[in-house]
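S.K.: turn this into a model:
(one chain, ligands or ions: 2)
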Amino acid sequence: MIDFTSRQVPKADIAHQLDCIEQIHRRNALRPEPPHFYCQTFGCQQNEADTERIAGMLAEMGYVRTQDAAEADVIVVNTCAVREHAEKRVFGIMGQYTHIKETRTDVTICMCGCMVQQEHIAEKIKKSYPRVDIVFGTHMLWRFPELLLRRLNGSKRIFEISGDPKGEIAEGLPVQRDEGCHAWLSIMYGCNNFCTYCIVPYVRGRERSRQPEDIEAELRQLVAEGYKDITLLGQNVNSYGKDLGIGMDFADLLARLDAVPGEYRLRFMTSHPKDASEKLFAAMAGGKHICHQLHLPFQSGSDVILKKMNRGYTKEAYLALIEQARRYMPDLVLSSDIIVGFPGETEEDFQGTLDVVRRGQYDLLYTFLYSRRSGTPAAEMPDDTTAEEKQDRFNRLLQTQEGINQQRQDAYQDKELSVLIDGLSNGKQESEYTHCGRTDGGLLVLVRGEDLHIGDFVDVEIEQTSLRALYGRVIGKGYHG
Ligand code: 5AD
Ligand code: SF4
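M.R.: Numbering: from 1, shown residues only. Ligands and ions are numbered 1, 2, ... in the order given. This is a model prediction of the structure:
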């Protein structure tokens, strides 16, 4: 029989990390003032969730978080490799951080995340950024306490980027979540899809799912701690459970989590169209806590390009899928990712993309210019479209979506929506819309009313709309599920 639990990091190894945390804590407790840490995160929600783990470990070690890198004793930069632009920004910022060490030589500078998982990047840091102390890849995150302790004990610079390519799951390490009523909850890691443009499967390893009981226990804890808006995270949540061999898929997991009592909302991302099913839409529609929100990237509206991307669906199959989702949830808030300028994309291919945008009627689109990632199959594909032409397509795409966005926002005029207040609006001070929040579908609403508090569920009547936000007045209070 296959031992599916072998992917969990053994308890003894976790205990060793907790021991390293304790040793650093004892050392920090002797200092007259607590030392500080500073974290900067690039990239996706998965990285944000990872940074929360690193912050949790550092807090347990006795470090206090600061928003000013210049006063930090430990600096951690969590990097992204999805597009070249993010990598360039990281190298720009590393120059600034390593400069701090000119006057404060005892600062420890760490880099982690997807970008440093690539050999050629690790080599570049080794050669050109000698003041970076610790470089650790995505598979090594749980070993951060041990690596930091080694460096504090005088070890030479540390480069740990290999690790188990299948990846392991570490349970039981601390986490420090960002303030507010929203929390990330990772349900799986890695990706098996190998879309030809994407670096993620190479840097984050194979798909591996957390055990449902661990996820449920974390959800119960989050609800008990007062979190009200919880996002389940995975590169492709729709393939949850395939590796566990317990006959549980993502729709089953959703139904199980939905049964956890409390006043909270549950959302998830990202879904891959090839694995999204009617069963999933039924589970969403039938749930008490599950938001009617779906992020379903289609990337391109051309069957030729979709095939070259290795996406595993056609344009019409995709459009039929979102129609089905809307039959189950007429109030569905839908978003997507699109890549413009994939190698070999013609004007006709691009027209296919515009067609999906028009027919799909999205509330929100994340649009990207194709970025060549070395090591991926698409990087070797011929590409004779000029940068100007790609930019022109990109601009036309934005224009098309802007008109649709406005119409969709306008349709909410005078409607009643349930909003979770999650902050103060940072608009003009004299504005009467003092608070901001999110609808069940994740739309931003600026809210006015008496006696409002962060974490309140309120009923709002929409009075105005703009491209960016809805504006409404509170007409009732309470969680409706
Ligand atoms: N170039 C441009 N966009 C990319 N994405 C992933 N890889 C690339 C790339 N090489 C986009 C996809 C994905 C989102 C997270 O990032 O649209 O869905
Ligand atoms: Fe990248 Fe495709 Fe995996 Fe998403 S599904 S992370 S785009 S390989």
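S.K.: mind listing the helices for the protein?
M.R.: 11-29, 45-60, 84-100, 119-128, 144-152, 200-204, 212-224, 250-258, 278-286, 303-309, 315-328, 347-360, 387-410 (DSSP state H).
S.K.: show me which residues of stretch 139-149 are buried.
M.R.: His139, Met140, Leu141, Trp142, Arg143, Phe144, Pro145, Glu146, Leu147, Leu148, Leu149 (16 or more other CB atoms under 10 Å). Backbone N, C-alpha and C define where each C-beta goes, glycine included.
S.K.: which ones among the residues you listed also lie next to ligand 1?
M.R.: Contacts with ligand 1 are made by none of the buried residues of stretch 139-149, judged by CB under 6 Å from any ligand atom.
S.K.: and the helices of the chain: which comes nearest ligand 2?
M.R.: When these are compared by CB to the nearest ligand atom, helix 200-204 sits nearest ligand 2, at 3.6 Å.
S.K.: hmm, back to that, dump the helices of the chain to a markdown table, plus distance to ligand 2.
M.R.: Below are the helices of the chain laid out as a markdown table (distance: least, CB to the nearest ligand atom, whole Å):
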| stretch | distance to ligand 2 |
| --- | --- |
| helix 11-29 | 27 |
| helix 45-60 | 9 |
| helix 84-100 | 14 |
| helix 119-128 | 18 |
| helix 144-152 | 23 |
| helix 200-204 | 4 |
| helix 212-224 | 20 |
| helix 250-258 | 14 |
| helix 278-286 | 16 |
| helix 303-309 | 8 |
| helix 315-328 | 14 |
| helix 347-360 | 16 |
| helix 387-410 | 18 |
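S.K.: just put those helices in CSV and tack on distance to Glu71.
M.R.: Listed next are these as CSV, based on distance: least, CB to CB, whole Å:
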stretch, distance to Glu71
helix 11-29, 15
helix 45-60, 14
helix 84-100, 9
helix 119-128, 24
helix 144-152, 18
helix 200-204, 31
helix 212-224, 31
helix 250-258, 40
helix 278-286, 46
helix 303-309, 45
helix 315-328, 48
helix 347-360, 46
helix 387-410, 40
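S.K.: how many other residues sit next to whichever residue of the stretch 1-150 of the chain sits closest to ligand 1?
M.R.: Of all residues in the stretch 1-150 of the chain, Val82 sits closest to ligand 1, at 4.8 Å by CB to the nearest ligand atom. Each residue near Val82 was counted by other CB atoms under 10 Å, and the total is 21.
S.K.: what of Gln45?
M.R.: Number of residues near Gln45 (other CB under 10 Å) recorded here: 15.
S.K.: so how far is Cys80 from it?
M.R.: To Cys80, Gln45 is 11 Å away according to CB to CB, to the nearest Å.
S.K.: one more: Met188?
M.R.: From Met188 to Cys80 the distance is 19 Å (CB to CB).
S.K.: among the two, which residue is more densely surrounded?
M.R.: Met188 (25 against 22).
S.K.: list the contacts of stretch 374-394.
M.R.: By CB atoms under 8 Å, 6 or more residues apart in numbering, the residues outside stretch 374-394 that reach it are 118, 120, 194, 196-199, 202, 308-310, 340-347, 350, 367, 369-370, 372-373.
S.K.: typed the wrong thing, it's stretch 209-222
M.R.: Residues outside stretch 209-222 that contact it (CB under 8 Å, 6+ apart): 5, 8, 169, 171, 183, 185-188, 230, 232, 240-244, 246, 248, 253, 256-257, 260, 264, 266.
S.K.: ok, now with 7 Å
M.R.: 169, 171, 183, 185-188, 230, 240-241, 243-244, 248, 253, 256-257, 260 (CB atoms under 7 Å, 6 or more residues apart in numbering).
S.K.: give the contact list for Val116.
M.R.: Val116 makes contact with Thr79, Ala122, Ile125, Val135, Gly137, Ile161, according to CB under 7 Å, 6+ apart.
S.K.: who wins for neighbours among these?
M.R.: Going by other CB under 10 Å, Thr79 tops the contacts of Val116 with 28 neighbours.
S.K.: so that one bridges to which residues?
M.R.: Taking DSSP bridges, one obtains Gly113 as the residues bridged to Thr79.
S.K.: give me the pLDDT for it.
M.R.: pLDDT, Thr79: 97.
S.K.: for Gly301, same thing?
M.R.: Reported pLDDT at Gly301 in the predicted model: 98.
S.K.: distance check, it against ligand 1.
M.R.: 13 Å (CB to the nearest ligand atom, to the nearest Å).
S.K.: can you report how many residues lie near that residue?
M.R.: Neighbour count of Gly301, defined by other CB under 10 Å: 24.
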